[in-house]
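how would this look folded up:
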Amino acid sequence: MPTSVAVLALLWTGAACFGGTADRPPAAAESLVPADSHRYRRLAGLYQLASDTVITIGYEFFDDPELAYVEWQSGQYRRLFPTSDTTFVAGPGREIPDPAQVTVTFPNSGAGLRWHPTGRPEQYARRIELYRQEEVRIPSTDITLAGTLITPLTPGPHPGLIFMHGSGPTIRYSFRSDPYFFASRGIAALVYDKRGTGFSGGKFEFSADSAWFTKLAADGMAAVRFMTKRAEIDPKRIGLWGISQAGWTVPMVAAQASDVAFVVIVSGPAVTVGQEGLFSRLTGDDPGGPGALGREEIARRMRASRPEGFDPAPYLERMRVPGLWLFGGLDQSIPAEMSVEALDRFRRDDTRDITITTFPKANHILLEAETGRRDESPRLTRFVPGYFETMIQWVRTRVKPLP
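The predicted structure is shown next:
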């Protein structure tokens with residue numbers, strides 16, 4: 001592999017918040033996509049500098065289309081802010097453009113880019129290809145999901161990883177850099193627009209009840225069936241990757257779908273919906289609460305809380321495949337410490353393969369932080385050290401041999 005790699009962050013921004021509904025049929029999705037988003041997608045890709053550093057620029061879309069990058073080795077993340085049709089800058093924080101620290105210029109040919117860190121010589125990076133992308137349609141129980149299958153260019157069949165969403169109306173471009181990271185390491189990735197968003201059918205709901213989770217789990221199981229039928233995918237090495245709310249839905253799929261071989265869960269609650277909601281209110285992450293309380297008071301109230309609402313425990317009990325859970329010690333959205341305690345009950349079973357890693361200085365989306373609160377988010381600069389390495393090393397031991 002190259003000595004240094006930079007890749008786009010397809011940044012997940014949702015938190016565990018609920019209430020209200022939204023209906024977005026596939027036919028209406030095209031009108032929601034600004035015209036310049038198609039130009040942004042054409043710029044996305046991998047670019048190699050003469051020093052063997054590979055820069056992957058990619059595309060994300062929430063309210064507006066954006067470009068950004070992450071250096072996988074250092075974890076550095078920056079959004080790219082446009083200054084012209086072909087030039088972008090990155091600043092001192094992931095959402096702070098000024099003063100510019102890197103200028104990126106795309107020639108009209110699209111064959112490369114000019115990479116110019118402030119105060120250092122400009123370098124040219126040529127475009128390279130390490131994976132292919134295919135637009136796909138996935139039939140689920142009552143709808144069709146729209147997605148993208150990202151496969152390595154190395155010979156298959158490949159291990160596969162299906163990405164499941166956190167809360168909010170997120171689409172396939174909401175998974176940060178992780179799908180492309182795995183594809184560059186020989187593991188195919190399937191991303192899809194969440195039910196009722198993007199080009200997927202159905203009705204999106206801001207909900208946290210078992211009926212909504214059952215629908216999302218059904219979509220996840222449909223994605224598993226889809227992957228098992230693809231010739232370039234090894235049906236015995238298909239895993240699930242999920243973030244935040246997917247801490248509830250990934251175990252539902254893994255407990256029911258016999259073709260799931262392993263799971264990776266990032267900041268996923270292993271407690272009930274009611275307990276997660278209480279924690280968010282106590283930390284101030286949910287503005288409907290009393291405001292941020294002290295750590296000891298939050299811990300006291302959480303210990304006194306009773307399980308309410310959807311409980312993932314029965315599915316965690318039935319889930320027998322290897323699992324990796326990653327938590328941030330500064331997470332203000334989900335009770336990481338209580339979730340670890342809940343998982344420890346299953347980890348004590350010697351017949352189960354459960355790995356838990358907590359990064360003390362990480363926030364909810366595993367960015368290196370000081371407080372974990374939302375107001376510091378724009379100033380943050382990188383993913384917590386070890387985030388990418390922990391995932392790939394753990395997965396590789398479960399899906400050997402890899403190319």
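
which residues touch residue 125?
Counting by Cβ atoms under 8 Å, 6 or more residues apart in numbering, residue 125 touches 47, 48, 49, 53, 55, 112, 113, 114, 115. Where you see a C-beta, it was placed from the backbone N, CA and C, and this is true even at glycine.

which ones among those lie within strands?
Judged by DSSP state E, those include 47, 48, 55, 112, 113, 114, 115 as members of strands.

of the contacts of residue 125, closest to residue 166?
Distance to residue 166 across these (Cβ to Cβ) is lowest for residue 55, with 26.9 Å.

isn't the closest one right up against residue 43?
No. If you go by Cβ atoms under 8 Å, residue 55 and residue 43 don't touch, sitting 11.7 Å apart.

before we move on, the earlier item: need the max-distance pair from the ones in strands among the contacts of residue 125.
48 and 114, at 13.3 Å, using Cβ to Cβ across the ones in strands among the contacts of residue 125.

on that earlier part again, ok, residue 55 and residue 43, which is more surrounded?
residue 55 (23 against 20; other Cβ atoms under 10 Å).

please name the bridge partners of the more buried one.
Beta bridges link residue 55 to residue 6, residue 47 when assigned by DSSP bridges.

try residue 105
With DSSP bridges as the rule, residue 105 is bridged to residue 87, residue 114.

how many neighbouring residues does it have?
17.

surely it meets residue 87?
Yes. Judged on Cβ under 8 Å, residue 105 makes contact with residue 87 at a distance of 4.8 Å.

where does pLDDT dip in this structure?
Scanning the chain with the threshold set as pLDDT under 70 gives 1-38, 60-64, 289, 291, 401-403.

okay, domains of it per the record?
For the chain, automatic domain parsing gives the domain ranges 5-128, 131-398.

can you verify my assumption that residue 115 contacts residue 122?
Yes. Assessed by Cβ under 8 Å, residue 115 is found in contact with residue 122 at 7.0 Å.

of these two, who's got more company?
Each of residue 115 and residue 122 has its neighbours counted (other Cβ under 10 Å); residue 115 has more, 22 against 10.

that one and residue 151, how far apart?
Residue 115 sits at a distance of 27 Å from residue 151 (criterion: Cβ to Cβ, to the nearest Å).

sort out which residues of stretch 195-206 are buried, please.
Of the residues in stretch 195-206, 195, 196, 197, 198, 199, 200, 201, 202, 204, 205 count as buried by neighbour count, 16 or more other Cβ atoms under 10 Å.

one more: stretch 168-179?
168, 169, 170, 171, 172, 173, 174, 175, 176, 177, 178, 179.

report the two of those residues separated the most.
Spatially, the most separated pair among the buried residues of stretch 168-179 is 169 and 177, at 20.7 Å (Cβ to Cβ).

most tightly packed of the domains of the chain?
Stretch with highest mean neighbour count among these: domain 131-398 (a mean of 20; mean count of other Cβ atoms under 10 Å).

please, where are all the helices along the stretch 251-400 of the chain?
273-283, 295-304, 313-318, 336-347, 387-398 (DSSP state H, counting those that start in this stretch).

gap between the residue nearest to residue 342 when sequence neighbours are not counted and residue 131?
Excluding its sequence neighbours, the residue lying closest to residue 342 (Cβ to Cβ, 6 or more residues apart in numbering) is residue 270, at 4.1 Å. For residue 270, the distance to residue 131 equals 32 Å [Cβ to Cβ].

max-length helix in this structure?
helix 210-228 (DSSP state H).

from the contact counts, what lies against the helix or strand just after it?
Downstream of helix 210-228, the next assigned helix or strand under DSSP states H and E is strand 233-243. Applying 3 or more Cβ pairs under 8 Å, 6 or more residues apart in numbering; DSSP states H and E, one finds that strand 233-243 makes contact with strand 158-164, helix 210-228, helix 246-256, strand 260-266.

paired strands for the last one, with orientation please.
Each strand that pairs with strand 260-266, with its direction, by DSSP bridges: strand 233-243 (parallel), strand 323-328 (parallel).

quick check: residue 57 is in a helix.
No. Using DSSP: H, G, I helix; E, B strand; the rest coil, the secondary structure at residue 57 is strand, not a helix.

pretty sure it is in contact with residue 112, am I right?
No. Judged on Cβ under 8 Å, residue 57 makes no contact with residue 112 at a distance of 11.0 Å.
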